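# kindly return the folded structure for what I paste below:
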Amino acid sequence: MKSVEPREKNKNFDPDSFLREIGRGRTIRYLPKNGTVFAQGDPSDAVFYIQQGRVKLTVVSRTGKEATIGVLHAHDFFGEACLAGQPLRMSSAIAMNDCSVMRIASKAMLGVLHRQSDFSDRFVSYLLARNIRYQEDLVDQLFNFSEKRLARILLLFADFGEDGRKDKVIPKVSQEMLAEMVGTTRSRVNFFMNRFRKLGFIDYNEGMEIHTSLLNVALNG
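Numbers count the residues shown, from 1 in each chain. Sure, this is the predicted structure:
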């Protein structure tokens, strides 16, 4: 029985409830759509946790070209590079809709990770899973066609597999941003999106509805 206890304890651990109890070093920020959590080049001194909403990460090159490198959802952490000594932000974090974001000072976050093994285990597991996702994104970018990359990005937006739902509606996202993430032109994205709609993979109602049939494109191309 003792060998089962840690697993049951970890299974029932609620990161949201725990984060609310951190106290000092924790602040809640409410941001409207397009509000800036932090900007590229800002001091890197805190970790952030999304309570509600979505946040996109963008980078701007020296020539002024901007690219979206990631989209984060509720219950995601970001900005954790400060824990490894990164002095400045390498990207900007922008709210995609109305967001509730928790800011945890790096010193407070390190203290929690040292004191609370359950939370530390969850945080490390999250970082490892996200690192795997980034590796998959890189392989996707290097070896897959634009249409397949777009299908995968739409499925990631919809969080397929997270809560067992089959078809999901995602907030409006511009074709320009999708083109940046896919690594192609807006016209190509528009062509593929129209094709997905005609084939019944997506629908436009109150938002964009993503159907499980889109998995056929992501898996088979």
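
# quick one: the helices in this structure, in order.
The residue ranges that make up the helices of the chain, judged by DSSP state H, are 5-11, 15-20, 106-115, 117-143, 146-157, 175-182, 186-198, 215-220.

# out of these, the one nearest Pro87 is which?
Ranking those by distance to Pro87, with C-beta to C-beta as the measure, places helix 106-115 first at 11.2 Å. To be clear about C-beta, it is placed using only N, CA and C from the backbone, and glycine gets the same treatment.

# tell me which residues of the closest one come out buried.
By neighbour count with 16 or more other C-beta atoms under 10 Å, helix 106-115 contains the buried residues 106, 108-109, 112-113.

# tabulate the residues you listed (CSV), appending pLDDT and distance to Gly70.
Conversion of those to CSV gives the following (pLDDT from 0 to 100; distance: C-beta to C-beta, whole Å):
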residue, pLDDT, distance to Gly70
Ser106, 93, 20
Ala108, 90, 24
Met109, 90, 20
Val112, 86, 24
Leu113, 88, 23
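
# re earlier: same list (the helices of the chain) but as a markdown table, adding distance to Ser92.
Rendered in a markdown table, the data for the helices of the chain read as follows (distance: least, C-beta to C-beta, whole Å):
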| stretch | distance to Ser92 |
| --- | --- |
| helix 5-11 | 34 |
| helix 15-20 | 23 |
| helix 106-115 | 19 |
| helix 117-143 | 18 |
| helix 146-157 | 19 |
| helix 175-182 | 13 |
| helix 186-198 | 21 |
| helix 215-220 | 28 |
